[in-house]
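>>> below are the sequence and a predicted model for it; my questions follow.
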Amino acid sequence: MARERTPADLIGHHVLDQEGDNVGRINQVYLDDQTNQPTWVSVHTGLFGRNETLVPLQGSQPVEEDIRVPYDKNTVKEAPRIDADRHISPEEEQIVREYYAQHGGPPLEATGPQPTGRAEDEATGGMETDEAAMTRSEERVDIGVERRQTGRARLHKYVETERFDESVPLRHDELQVERRRIEDPEAAREAEEMGESEEVFTLYEERPVVSKEQVPVEEVRVRKRDVTREEHVSGERRRERVELEDEEGEPPTTQ
């Protein structure tokens, strides 16, 4: 079972305005002199200084660990300042109550508030300090490389068929008949005995003959090599910036 929140639990958390925007951090909670209930909180909107803005809790609502009040941020920032380290006098309380009433707030009752303690006191054991420190961080970009497989290749041999068309000279035998009339019978060679006879001729021709043999014509080698290239890498990285501001959000004047 969650314990009930005490006034001290508010210290260090934030006051939000009626739109939910952050007004400032709660430094102190003030209790009613009669009921001992929290009625006011002090909010410091700058970085340094003891003067703080008093904000009434009447009409406020819890938002998780923070408190939302029914005023806008400028109204709270322009409220009368008080000395946060002592009991608030009735006169000071009256001035602040009238201010918030004039700026649209609900009527406030006089409570005679007294402080319960400050966030700085809890952190430093009641000792004040005139220093503030803040750690600034930024993102460091480390660009490396990774090796990943992009594919595979293999050397594969296969057989394909292509047509060829060439001309080849071919020779063949033909019979040619030549007849010559004998003018001088005496000059003719000796006549053969009349009768049947014959001479046999063998004729030849050439035909194309295709023969095939496998011969090496080319050697193919594949080797793998590393290739280096440069690639431009761009992106975004975050870093913190520390600036000094006064309670109005402006750079303070330095002496």
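Good, I have the coordinates.

>>> show me what contacts the residue lying closest to V96 once chain neighbours are set aside?
In this structure, V96 finds its nearest non-sequential neighbour in L54, 5.0 Å apart by CB to CB, 6 or more residues apart in numbering. (Glycine included, C-beta is placed from N, CA and C.) L54 makes contacts with 30, 40-42, 79-80, 82, 88, 96, as judged by CB atoms under 8 Å, 6 or more residues apart in numbering.

>>> please enumerate the helices of this structure.
73-77, 90-102, 119-124 (DSSP state H).

>>> out of those, flag the one nearest D9.
helix 119-124 (11.4 Å; CB to CB).

>>> quick one: average pLDDT of the closest one?
Mean pLDDT, taken over the full extent of helix 119-124, equals 41.

>>> likewise stretch 140-149?
For stretch 140-149, mean pLDDT is 86.

>>> about what we covered before: which one of the helices of the chain is the most hemmed in?
Highest mean neighbour count among the helices of the chain (mean count of other CB atoms under 10 Å): helix 73-77, with a mean of 18.

>>> how far off centre is that one?
38 Å (CA atoms, centre = their mean, to the nearest Å).

>>> that older thread, tell me how far the residue nearest to V96 lies from K212.
110 Å (CB to CB, to the nearest Å).

>>> quick check, V69 in contact with V63.
No. Between V69 and V63 there is no contact under CB atoms under 8 Å: 10.3 Å.

>>> who has more neighbours out of those two?
The neighbour count for V69 versus V63, taken as other CB atoms under 10 Å, is higher for V69 (24 against 13).

>>> re earlier: now, among the contacts of L54, which is nearest to L16?
V41 (11.9 Å).

>>> does the closest one have beta-bridge partners, and which?
V29, V55 (DSSP bridges).

>>> show the model's pLDDT score for it.
Predicted confidence (pLDDT) for V41: 88.

>>> same thing with E219?
For E219, pLDDT reads 92.

>>> gap between it and L155?
12 Å.

>>> what pLDDT does the model give Y204?
Confidence score, pLDDT, at Y204: 93.

>>> contacts only, for the closest residue to it other than its chain neighbours.
Sequence neighbours aside, D173 is the residue nearest to Y204 in space, at 5.0 Å (criterion: CB to CB, 6+ apart). Residues counted as contacts of D173 (CB under 8 Å, 6+ apart) are 201-205.

>>> let's see that with 7 Å instead.
Applying CB atoms under 7 Å, 6 or more residues apart in numbering, we find D173 in contact with 203-205.
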